[in-house]
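K.L.:
Model the following, please.
(2 chains)
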2 protein chains.
Amino acid sequence: MSQDSRASSKPLLDVLAGKRQPVPPIWMMRQAGRYLPEYRELRAKAGSFLDLCFTPDYAAEVTLQPIRRFNFDAAIIFSDILVIPYALGRSVRFEAGEGPRLDPLDTPEKVKTLAAHADFTKLEPVYEALRRVRRELDDRIALIGFCGAPWTVATYMVAGQGTPDQAPARMMAYRHPQAFAAIVDVLVENSIHYLVSQLKAGADCLQLFDTWAGVLPPREFERWSIEPARQIVEGVRKEMPDAKIIGFPRGAAGMLPAYVEATGVNAVSIDWTAEPAMIRERVQSRAAVQGNLDPLALIAGGDALDRAIDDVLANYGKGRLIFNLGHGIQPETPIAHVEQMVQRVRAFRG
Amino acid sequence: MSQDSRASSKPLLDVLAGKRQPVPPIWMMRQAGRYLPEYRELRAKAGSFLDLCFTPDYAAEVTLQPIRRFNFDAAIIFSDILVIPYALGRSVRFEAGEGPRLDPLDTPEKVKTLAAHADFTKLEPVYEALRRVRRELDDRIALIGFCGAPWTVATYMVAGQGTPDQAPARMMAYRHPQAFAAIVDVLVENSIHYLVSQLKAGADCLQLFDTWAGVLPPREFERWSIEPARQIVEGVRKEMPDAKIIGFPRGAAGMLPAYVEATGVNAVSIDWTAEPAMIRERVQSRAAVQGNLDPLALIAGGDALDRAIDDVLANYGKGRLIFNLGHGIQPETPIAHVEQMVQRVRAFRG
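P.N.:
Reported below is the predicted structural model:
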């Protein structure tokens, strides 16, 4: 089956290919996660968080859980943005309740020790999980592969952990731009290979998560968020010319038009603070928009949730829209509220 | 001396009044603070942080310290955005290294216990400090009074502390909009009185700090950031028609044009992630712009600092600009870097 004929039966791929859908396709960032009791049950059985990611049976099962419950229009492979540093031989640990821990790569001297090429055999379980999900997935549902964007992955590699505003990486980019560029270049090259491999293993499209893009001033945003994303899109399409890619430079706000134009992504995922008129005029005119319900409105439920859903549909439903949250779903979200959201979005006719 | 004749000798007030200056006036948010050894010395002598704010000798001295060192174009009275809840009888403590702690006002029942009117005698030391600073300040230097914007102050009152994204207040605004509005209304009324009193005590102009505006979706931003700011500007100008007010809805990004238009502020302070073309076209065309150096660039120093300063000047120096940081200066900032910044900005001719 050619990629084109596959695409024609999947609403999410149609939107990415330029065809607006009257009922916007819907999925949720972090839809396979702790708000689901079946996830928590399986998570308790797996060893570490990385064991969960790298055991194809587990990863495939977790990927499919939200599809069974909510019949979303897309499944996103269960994995983590730090698997690239892991495959590059960096120490990556996930400590319960604390987030990831890595050995900080915080001096130009340490950067010289960074391997140029990942050991991609370490990521073979991700490809195997993709193949398994692909086999079990309804034809109508798109399978999304992903990786972290170089800037965001580098912020964790430099600091060795998440921080409130990722100051250590921003500081290194100011003080040692060449050393920082060396990290980003390694991530660009290896991310291209990783993303192409995910497409070959059965992913229909890709998402690039630049969770920390929003802390950068314009000059730095162009250098560390836009330019690496542009290189990745170009590199992936060199091998897979029809590759569909969603960019998520979270918090990019006014820089989104420049991001879309320079990178050539098919869609951008936007957070809940975006200003609708600008997004419609300068972003949705060029690419599909994915988003952007406030995850807190989903926790709140009730009338506030209905109103927030209706705002997203009113703001973006007349153009190419993939309904999603503005960021990942939070663990305390009631499942009934997710059901309320899916029902309301599917009742919409734009 | 009339306010107009006073204004004519102060570059910062000239910019607020519509007259662009070839050398932009400069000051720094949190310029009286821990990066200064003379501040740390005086801080160690004072008892609690609130004792420092409420002892006119101390507050006046701390306000003047950065002026003596850097000859800035503005002094901002040393105080805190939580003095209004304090004057409303709420418990407000500052614990070392932990930020503020209040008794959470997190249910509609508790909101009913909130006093409608502050005991403004508690804020008399702030007015006294303003009078003392006024007497010692060079005629060329503007004295800025301030308060926290209702949304931001309410986020601390609801949560009882700062949180990574002020979720408790956002949740209350979703679930109990009327109770939340009651808090905001009380803050609006009392902030107007407090700001007018600061002008009467010698402040030349005012700044409204909405540090947490950037977490709100558009509808909530209009309701909880724009509308209270509009009411405050209107209320202050009812008593002081020429009052000059700077708004700082941090992280407002694409919502800034709507904020400026609806509130009628004379200037907006912008953070370092703002997109320059949009700000020039849709914000600086209507109001002065204040900002927006990345505080991390000021820590980094060297060429990175020069380039970041030049970006601010190139982006906004052709219009009405007050040079400032995009947020408060951080304690670890070297004093030599502040000197480098002042020198470079004062060498600019726009």
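K.L.:
Contacts for stretch A:98-116 next, please.
P.N.:
Residues outside stretch A:98-116 that contact it (C-beta atoms under 8 Å, 6 or more residues apart in numbering or on different chains) are A:80, A:82, A:85, A:88-95, A:156-162, A:168, A:172, A:176, A:178-180, A:182-183, A:186, A:189. C-beta: built from backbone N, CA, C; applies to glycine.
K.L.:
make it 6 Å
P.N.:
With C-beta atoms under 6 Å, 6 or more residues apart in numbering or on different chains as the test, stretch A:98-116 has contacts from A:82, A:88-95, A:157-158, A:160-162, A:176, A:179, A:182-183, A:186.
K.L.:
Can you say which of those residues are buried?
P.N.:
By neighbour count, with 16 or more other C-beta atoms under 10 Å in any protein chain shown, the contacts of stretch A:98-116 hold A:82, A:88, A:90, A:92, A:94, A:157-158, A:160-161, A:176, A:179, A:182-183, A:186 as buried.
K.L.:
Check which helix or strand the spatially closest residue to residue A:264 that is not a sequence neighbour maps to.
P.N.:
The spatial neighbour of residue A:264 that comes closest, neighbours along the chain excluded (C-beta to C-beta, 6 or more residues apart in numbering or on different chains), is residue A:233 at 5.2 Å. Under the criterion of DSSP states H and E, residue A:233 resides in helix A:227-239.
K.L.:
So residue A:191 is in contact with residue A:147, correct?
P.N.:
Yes - taking C-beta atoms under 6 Å as the definition, residue A:191 is a contact partner of residue A:147 at 4.9 Å.
K.L.:
Let me see the confidence value for the residue in the stretch 1-150 of chain A positioned nearest to chain B.
P.N.:
Distance from chain B to each residue of the stretch 1-150 of chain A (C-beta to the nearest C-beta) is smallest for residue A:99, at 12.2 Å. With respect to pLDDT, residue A:99 scores 88.
K.L.:
same check, this time on the one 5 residues further on
P.N.:
The predicted structure scores residue A:104 at 96 on the pLDDT scale.
K.L.:
so how far is stretch A:60-67 from its chain's centroid?
P.N.:
Put simply, stretch A:60-67 sits 16 Å off its chain's centre (C-alpha atoms, centre = their mean, to the nearest Å).
K.L.:
Likewise for stretch A:131-139?
P.N.:
The answer for stretch A:131-139 is 20 Å, by C-alpha atoms, centre = their mean.
K.L.:
Now do that stretch, average pLDDT.
P.N.:
97.
K.L.:
Mind listing what's buried along it?
P.N.:
For stretch A:131-139, burial by neighbour count (16+ other C-beta under 10 Å) applies to A:132-134, A:137.
K.L.:
Helices - which of the residues you listed land there?
P.N.:
A:132-134 (DSSP state H).
K.L.:
For residue A:86, pull up the helix or strand it's in.
P.N.:
helix A:83-87.
K.L.:
got a list of contacts for that helix?
P.N.:
Against helix A:83-87 from outside (C-beta under 6 Å, 6+ apart): A:92, A:118-119, A:122-123, A:157, A:190.
K.L.:
For that helix, give the mean pLDDT please.
P.N.:
98.
K.L.:
Equivalent analysis for stretch A:329-341, please.
P.N.:
The average pLDDT within stretch A:329-341 is 98.
K.L.:
Not counting residues beside it along the chain, what's closest to residue A:265?
P.N.:
Spatially, and ignoring its direct neighbours in sequence, residue A:265 is nearest to residue A:247 (3.9 Å; C-beta to C-beta, 6+ apart).
K.L.:
now the one you found, what's its secondary structure?
P.N.:
Put simply, residue A:247 is strand when judged by DSSP: H, G, I helix; E, B strand; the rest coil.
K.L.:
now it: how far from chain B?
P.N.:
Here residue A:247 is placed at a distance of 16 Å from chain B (C-beta to the nearest C-beta, to the nearest Å).
K.L.:
count of neighbours near that residue?
P.N.:
Counted with other C-beta atoms under 10 Å in any protein chain shown, the neighbours of residue A:247 add up to 30.
K.L.:
mind checking pLDDT for the residue of chain A positioned farthest from its centre?
P.N.:
Most distant residue from the mean C-alpha position of chain A: residue A:109, 31.2 Å away (C-alpha atoms, centre = their mean). With respect to pLDDT, residue A:109 scores 97.
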